[in-house]
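*Asks:* just to be clear, the model below is a prediction. Sequence and coordinates:
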Amino acid sequence: MVGMVLISAGIVFFAIMALKLIPAYIEFATIQGHLRELARAPDTRGASPSEIMAAFNRRAQVDDISSVNGRDLDISLEGSEVFLSAVYSTRIKMVGNLSACIDFEASSE
């Protein structure tokens, strides 16, 4: 009985930690999707970097992205190809004074 309670407590603890981390990974996937869509969009092929930043900010506002904004994007133009990337960190409070710091590297490639 004691073993079952300890195993159950461990499973619950790790499930709670996973539930706290999942939103950060969902936001990362959303950011990566927006970067890919912007890089492939015909409108951004001839756009200036400031227009690309503004387009990302509009998309980020719709999806409530707070970790990255247009100024955080690294924009490189190679011929007619647009490559976008963003490197950022997210800190998530776990329990008490314990936090998880996750580093993300999203790109349009």
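*Replies:* The structure has been received and is ready for your questions.
*Asks:* all contacts plus neighbour counts: C-alpha atoms, from now on.
*Replies:* OK.
*Asks:* just the strands in the protein please.
*Replies:* Under the criterion DSSP state E, strands of the chain are mapped to 74-78, 81-95, 98-107.
*Asks:* could I get these as TSV with mean neighbour count, distance to K20 and mean pLDDT?
*Replies:* What follows is these, written out as TSV (neighbours: other C-alpha atoms under 10 Å; distance: least, C-alpha to C-alpha, whole Å; pLDDT from 0 to 100):
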stretch	mean neighbour count	distance to K20	mean pLDDT
strand 74-78	14	28	83
strand 81-95	16	7	89
strand 98-107	14	10	90
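*Asks:* can I get the ones you listed in JSON lines including distance to L21?
*Replies:* As requested, the strands of the chain are exported to JSON lines (distance: least, C-alpha to C-alpha, whole Å):
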{"stretch": "strand 74-78", "distance to L21": "26"}
{"stretch": "strand 81-95", "distance to L21": "7"}
{"stretch": "strand 98-107", "distance to L21": "8"}
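*Asks:* for the ones you listed, which one sits closest to Q32?
*Replies:* Taking C-alpha to C-alpha, strand 98-107 is the member of the strands of the chain nearest to Q32, at 5.2 Å.
*Asks:* quick one: which of the strands of the chain is nearest M1?
*Replies:* Closest of the strands of the chain to M1 is strand 81-95, at 26.9 Å (criterion: C-alpha to C-alpha).
*Asks:* helices of this structure, start to end?
*Replies:* For the chain, the helices defined by DSSP state H occupy 2-40, 42-45, 49-62.
*Asks:* okay, now the unreliable bits of the protein?
*Replies:* The model of the chain has no residue with pLDDT under 70.
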